[in-house]
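*Asks:* pasting the sequence and the predicted model now:
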Amino acid sequence: MPTSFLGSALRGTFFLIFGLWWSVRYPLKYLRRKVNVESQPSHGVHRVEFFEGAVKVFFALAGILVEQFIPAGPHLHLYSSKTHSWTDLTPWHFTTMYLFFLLSGIVDIILHTPLKLPLGLDRLSLSMALFIEGLLFCFHDDNDAALDHHLHSLLATAIFAGALSTLLEVFIRDHIILETFKTSSFLLQGSWLWQIGFVLSPPWGGPGWDQTDRSNITFLTMCFCWHYAVHLAILAANSAASRCCNESCQLTFGDIDVELDCGMCIRNGNKSSSRALLPETTLDDK
């Protein structure tokens with residue numbers, strides 16, 4: 001499966017966008033759920049998940065159209081009757097991958113409509129899309145190039161890790177550890193797809209890295225671990241920023257309960273909840 005830098009970078013950007021978004025959204029959701037354990041998902045949360053599904057559908061459709069209808073693309077032709085052979089299968093590999101992410105986005109959207117699909121179907125569809133992606137990358141045509149095969153094997157590791165954590169979310173929903181692990185796998189996929197583009201098809205031109213040099217394999221394995229370390233640092237920084245933002249909002253608004261029926265504001269900060277409001281003393285009472 002020949003790799004172009006632009007195609008690899010665009011696919012990596014898709015995963016980076018979702019990973020960075022989740023690295024902020026999931027910690028905020030966890031902190032707010034921790035404050036009020038009995039709170040149910042608000043209408044705003046449903047709208048966010050609906051929007052995520054729409055973004056997923058947009059990216060997947062754009063990916064399918066680009067893979068099929070670029071000038072060198074197959075234009076939906078899979079088999080050539082003239083040569084009696086398959087046409088270029090590389091775009092079809094990526095089209096298949098995008099197709100399952102498209103289905104995942106559609107499920108995300110339908111789940112928040114009156115059709116009332118079973119809860120967890122969105123996580124299951126995303127896990128299925130990731131498993132299909134990993135399967136396609138495991139059996140791509142690397143022409144016996146050791147470095148190419150090693151790069152995509154490392155990528156498959158990140159993909160299957162995300163697929164497994166997402167599958168567990170079907171049964172253990174809203175678990176911050178699973179959500180964080182899934183987020184880190186998406187970030188790792190995104191940056192590693194960029195790395196693959198730089199190694200195999202450098203944007204400045206040239207043949208790419210030496211496929212026969214074993215030291216390149218050793219270095220890139222270490223580089224894969226460095227990518228993950230950087231993403232863990234990003235997750236920690238975004239979690240800390242989310243906590244500061246959440247605490248700032250609580251200091252500003254969270255200690256005031258507005259009683260609309262009597263027009264009073266009761267501050268709950270450090271005061272005892274059993275303390276009652278006393279009526280003001282007037283001159284007539286003296």
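*Replies:* Okay, I see it.
*Asks:* so where do the strands sit in this protein?
*Replies:* Taking DSSP state E, the strands of the chain run over residues 79-80, 85-86, 256-259, 264-267.
*Asks:* chain center to the longest helix seen in the chain: distance?
*Replies:* The helix that spans the most residues within the chain, counting by DSSP state H, is helix 214-249. From the chain centre to the centre of helix 214-249 is a distance of 14 Å (Cα atoms, centre = their mean, to the nearest Å).
*Asks:* what does stretch 205-223 give?
*Replies:* Distance, centroid of stretch 205-223 to centroid of chain: 28 Å (Cα atoms, centre = their mean).
*Asks:* how about that stretch: buried residues?
*Replies:* Residues G208, W209, Q211, N216, I217, L220 are the ones in stretch 205-223 that count as buried (16 or more other Cβ atoms under 10 Å). Quick note: C-beta positions are derived from backbone N, CA and C, even for glycine.
*Asks:* between which two of those is the distance greatest?
*Replies:* G208 and I217 (13.9 Å; Cβ to Cβ).
*Asks:* so L124 sits right up against L167, yeah?
*Replies:* Yes - using Cβ atoms under 8 Å, L124 is in contact with L167, at 7.2 Å.
*Asks:* quick one on the thing from earlier: quick one: mean pLDDT for the longest helix of the chain?
*Replies:* Averaged across helix 214-249, pLDDT comes to 92.
*Asks:* I'd like to know which elements that helix is packed against.
*Replies:* helix 5-35, helix 146-171, helix 176-200 (3 or more Cβ pairs under 8 Å, 6 or more residues apart in numbering; DSSP states H and E).
*Asks:* can I get the ones you listed in CSV including mean neighbour count, distance to H77 and mean pLDDT?
*Replies:* Formatted as CSV, the helices and strands packed on helix 214-249 follow (neighbours: other Cβ atoms under 10 Å; distance: least, Cβ to Cβ, whole Å; pLDDT from 0 to 100):
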stretch, mean neighbour count, distance to H77, mean pLDDT
helix 5-35, 18, 19, 91
helix 146-171, 20, 26, 94
helix 176-200, 22, 26, 96
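*Asks:* just to revisit the earlier point, I177: which of the buried residues of stretch 205-223 is nearest?
*Replies:* L220 (28.6 Å).
*Asks:* which residues touch that closest one?
*Replies:* L147, H150, L151, L154, Q195, V199 (Cβ atoms under 8 Å, 6 or more residues apart in numbering).
*Asks:* ok, now which ones touch the spatially closest residue to the last one that is not a sequence neighbour?
*Replies:* It refers to V199. Ranked by Cβ to Cβ, 6 or more residues apart in numbering and with sequence neighbours excluded, the top spatial neighbour of V199 is W209, at 5.0 Å. Counting by Cβ under 8 Å, 6+ apart, W209 makes contact with L147, V199, L200, N216.
*Asks:* export the contacts of L220 to JSON lines and tack on distance to G105?
*Replies:* Shown next, in JSON lines, are the contacts of L220 (distance: Cβ to Cβ, whole Å):
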{"residue": "L147", "distance to G105": "33"}
{"residue": "H150", "distance to G105": "31"}
{"residue": "L151", "distance to G105": "27"}
{"residue": "L154", "distance to G105": "27"}
{"residue": "Q195", "distance to G105": "26"}
{"residue": "V199", "distance to G105": "30"}
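*Asks:* a markdown table please, covering the helices and strands packed on helix 214-249 and showing distance to A241.
*Replies:* Shown next, in a markdown table, are these (distance: least, Cβ to Cβ, whole Å):
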| stretch | distance to A241 |
| --- | --- |
| helix 5-35 | 7 |
| helix 146-171 | 23 |
| helix 176-200 | 14 |
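*Asks:* F101 versus L76, what's the distance?
*Replies:* Distance from L76 to F101, counting by Cβ to Cβ, to the nearest Å: 19 Å.
*Asks:* what about these two, which has more around it?
*Replies:* F101 (24 against 11; other Cβ atoms under 10 Å).
*Asks:* contact partners for the more buried one?
*Replies:* Counting by Cβ under 8 Å, 6+ apart, F101 has contacts K56, F59, A60, G63, A129, E133.
*Asks:* with adjacent residues omitted, what lies nearest to the fourth one?
*Replies:* By that I understand G63. Nearest one to G63, counting by Cβ to Cβ, 6+ apart, is Y98 at 4.0 Å.
*Asks:* hey, where'd the helices end up in the stretch 1-150 of the chain?
*Replies:* 5-35, 43-69, 90-111, 121-138, 146-171 (DSSP state H, counting those that start in this stretch).
*Asks:* which one of those lies closest to T180?
*Replies:* helix 5-35 (6.6 Å).
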